[in-house]
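Undergrad: What would the 3D arrangement of this be:
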Amino acid sequence: MDIDKKNASILYVDDEEANLRIFKINFRRYYKVFTTTQISEALEILKNNPISLIITDQKMPEMTGTEFLKSIMHLYPDTIRIVLTGFSDIQDIVEAINECKIYQYVTKPYENGEMKAIIDKALESYWADQERKSLLEQLKEANEKLEEKVAERTYELELINRKLTDSIAYARKIQKSVLPEEQLFEKYFKDAFLLYKPKDVVGGDFYALYDKGDKIIVAVGDCTGHGVPGALMSMLGISLLSSIIDYKEDHRPDLILNFVRDGVAKNLHQDENFNKDGMELGVLAYHPQKKLLEFAGSRINLLYFQESQMYELKGDKKAIGGFEEDEFHFSLQTLPIEKETRIYMFSDGFQDQFGGEHNRKIGSRQLKELIYQIHQKPMYEQKVLLEVFLRDWMNKQSNNEQMDDILVLGLKIS
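TA: Below you'll find the model as predicted:
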């Protein structure tokens with residue numbers, strides 16, 4: 001809205017020609033003045049010209065000035081309205097002010113200087129109101145454009161989010177397809193359970209099972225990070241394990257860990273870029289005929305129970321991943337299986353979960369005590385009890401979400 005203060009248009013309505021002529025002579029050098037004695041002509045002038053101010057006599061034959069102003073309010077609500085009146089008309093004007101919102105009434109006869117001051121002040125009020133409305137229109141237009149931009153951006157982000165969500169969901173499908181089903185563990189062991197809860201759609205924890213005829217190989221891994229980065233590392237870990245199991249002749253767990261470590265360093269070019277990503281990995285090989293279990297661990301331990309006694313085979317405190325100048329070989333540990341044995345391997349996600357009354361980690365000691373309390377129950381019951389404990393632990397604090405991928409594997413061998 002453009003506001004032109006230099007060309008203010010005034011309409012003066014009076015039934016006496018002499019009053020109109022004098023007014024026009026006195027004020028035409030300051031304003032663009034329209035005059036008329038007829039209400040019908042006044043309406044035509046208003047229709048065809050941008051009038052800022054209407055001045056009208058009160059006593060007129062067709063209708064009073066206030067009646068005229070009241071009749072045009074809905075058509076020209078912004079136009080300033082002034083009424084000329086004699087002293088005897090004051091009471092009528094006061095009663096009409098609230099109905100037609102008269103800016104001011106001026107008594108006859110008026111003094112030219114006083115009238116000009118009143119007109120200038122009225123026009124300033126008109127221009128201020130027009131500027132305010134112009135700013136509001138500009139703000140409204142700017143808001144509408146902003147809303148359009150926000151809507152466009154929101155739609156773009158929704159498309160991007162949908163594509164990402166669909167991609168990650170498909171990645172989850174791929175990751176799940178390479179992980180063995182829980183029932184497969186039950187096929188090779190007397191009883192088993194698998195508690196696997198990725199923090200996000202995809203996760204960095206993984207597990208594997210291989211049947212090599214004379215031995216069953218089981219692995220539990222915990223990769224750097226979680227979500228998509230962790231899932232990429234887990235796929236690398238699974239790929240390396242499968243390749244080693246398929247193409248290497250010696251399947252000792254310690255050698256498997258050495259091969260995986262070399263494979264991670266080679267595939268991530270860690271001797272060149274000093275990348276530190278990697279994984280923690282525990283591998284066991286069970287020989288049913290020999291009644292023997294072999295184990296090697298990279299920061300993952302093997303917890304086991306025989307005759308209700310708890311024991312632990314501790315893995316080496318050396319992670320897989322990162323450039324190592326010093327040669328290191330993972331150690332091998334053996335465990336005779338001459339009696340019923342229950343075995344557990346897990347990542348650190350369960351024990352590192354915050355919650356409880358004091359909002360602290362579960363901790364490895366409490367996890368071991370919990371497993372000790374439930375280890376004699378059927379494996380599927382143990383899984384349920386672990387899930388219930390975890391849920392209750394997290395719900396003690398309403399703001400606790402899952403901190404990391406969670407993986408607990410339980411096996412029964414006899």
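
Undergrad: Just the helices from the stretch 201-350 of the chain, written as ranges.
TA: Ranges of helices in the stretch 201-350 of the chain, per DSSP state H, counting those that start in this stretch, are 227-247, 253-267, 270-273.

Undergrad: Pipe the ones you listed into a markdown table and attach distance to P50, mean neighbour count and mean pLDDT per row.
TA: Every residue, glycine included, has its C-beta placed from N, CA and C. Formatted as a markdown table, the helices of the stretch 201-350 of the chain follow (distance: least, CB to CB, whole Å; neighbours: other CB atoms under 10 Å; pLDDT from 0 to 100):
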| stretch | distance to P50 | mean neighbour count | mean pLDDT |
| --- | --- | --- | --- |
| helix 227-247 | 63 | 19 | 90 |
| helix 253-267 | 77 | 20 | 93 |
| helix 270-273 | 73 | 12 | 82 |
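
Undergrad: so which of the ones you listed comes closest to E369?
TA: E369 sits nearest to helix 253-267 of all the helices of the stretch 201-350 of the chain, at 27.1 Å, using CB to CB.

Undergrad: what's that closest one packed up against?
TA: Contacts defined by 3 or more CB pairs under 8 Å, 6 or more residues apart in numbering; DSSP states H and E place helix 253-267 against strand 216-223, helix 227-247, strand 279-287, strand 292-298.

Undergrad: State whether L195 is indeed within a helix.
TA: No: assigned with DSSP: H, G, I helix; E, B strand; the rest coil, L195 falls outside any helix and is strand.

Undergrad: hang on, isn't it packed against V408?
TA: Yes: the criterion here is CB atoms under 8 Å, and L195 meets it with V408 at 4.2 Å.

Undergrad: roughly how far is the lengthiest helix in the chain from the heart of the chain?
TA: What stands out as the longest helix in the chain, according to DSSP state H, is helix 112-178. Remark: helix 112-178 is offset 20 Å from the chain centroid, using CA atoms, centre = their mean, to the nearest Å.

Undergrad: Return the angle between stretch directions for that helix and helix 227-247.
TA: 20 degrees (axes from the mean of the first three to the mean of the last three CA atoms, to 10 degrees).

Undergrad: What's the mean pLDDT across helix 112-178?
TA: When pLDDT is averaged along helix 112-178, the result is 87.

Undergrad: Okay, now the unreliable bits of this protein?
TA: Residues of the chain that meet the criterion pLDDT under 70 lie in 1-7, 87-97, 323-326, 397-399.

Undergrad: Okay, domains of it per the record?
TA: Domain assignment for the chain by automatic domain parsing gives 5-136, 179-413.

Undergrad: Next, count neighbours for L135.
TA: 11 (other CB atoms under 10 Å).

Undergrad: distance of it from D129?
TA: 11 Å (CB to CB, to the nearest Å).

Undergrad: Looking at L195 and V408, which has the bigger crowd around it?
TA: Taking neighbours as other CB under 10 Å, L195 and V408 compare with V408 leading, 25 against 19.

Undergrad: can you pull the contacts of that one?
TA: Residues near V408 by CB atoms under 8 Å, 6 or more residues apart in numbering: F193, L194, L195, Y344, M345, F346, S347, F350, K383, L386.

Undergrad: I'd assumed it was in a helix, is it?
TA: No: counting by three-state DSSP, V408 is not found in a helix; it is strand.

Undergrad: who's it bridged to?
TA: Under DSSP bridges, the beta-bridge partners of V408 are L195, F346.

Undergrad: and the helices and strands packed on helix 253-267 as a markdown table, adding distance to E158?
TA: Formatted as a markdown table, these follow (distance: least, CB to CB, whole Å):
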| stretch | distance to E158 |
| --- | --- |
| strand 216-223 | 31 |
| helix 227-247 | 20 |
| strand 279-287 | 35 |
| strand 292-298 | 42 |
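
Undergrad: Can you tell me which of the ones you listed is nearest to Q38?
TA: helix 227-247 (81.2 Å).

Undergrad: Check the offset of that closest one from the chain's centre.
TA: 31 Å.

Undergrad: what's next to it, contact-wise?
TA: Helix 227-247 has contacts (CB under 8 Å, 6+ apart) with 168, 171, 175, 178-179, 199-206, 208, 210, 212, 217, 219, 221, 223-225, 251, 256, 259-260, 263-264, 267-268, 277-279, 281, 405.

Undergrad: likewise stretch 290-297?
TA: With CB under 8 Å, 6+ apart as the test, stretch 290-297 has contacts from 252-254, 256-257, 281-287, 302, 313-316, 330-338, 341, 343, 413.

Undergrad: again, 6 Å this time
TA: Residues from elsewhere that reach stretch 290-297 (CB atoms under 6 Å, 6 or more residues apart in numbering): 253-254, 257, 282-286, 302, 313, 315, 330, 332-335, 337-338.

Undergrad: Equivalent analysis for stretch 12-21, please.
TA: Contact with stretch 12-21 is made by F23, T35, T36, T37, A42, I55, T56, D57, M60, P61, as judged by CB under 6 Å, 6+ apart.

Undergrad: Mind jotting down where the strands sit in the stretch 251-400 of the chain?
TA: 279-287, 292-298, 302-306, 309-313, 333-336, 341-346, 354-355, 360-361 (DSSP state E, counting those that start in this stretch).

Undergrad: any chance of the ones you listed in CSV, plus mean neighbour count and distance to L123?
TA: Formatted as CSV, the strands of the stretch 251-400 of the chain follow (neighbours: other CB atoms under 10 Å; distance: least, CB to CB, whole Å):
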stretch, mean neighbour count, distance to L123
strand 279-287, 25, 80
strand 292-298, 24, 86
strand 302-306, 20, 91
strand 309-313, 13, 93
strand 333-336, 15, 98
strand 341-346, 23, 83
strand 354-355, 20, 70
strand 360-361, 15, 74
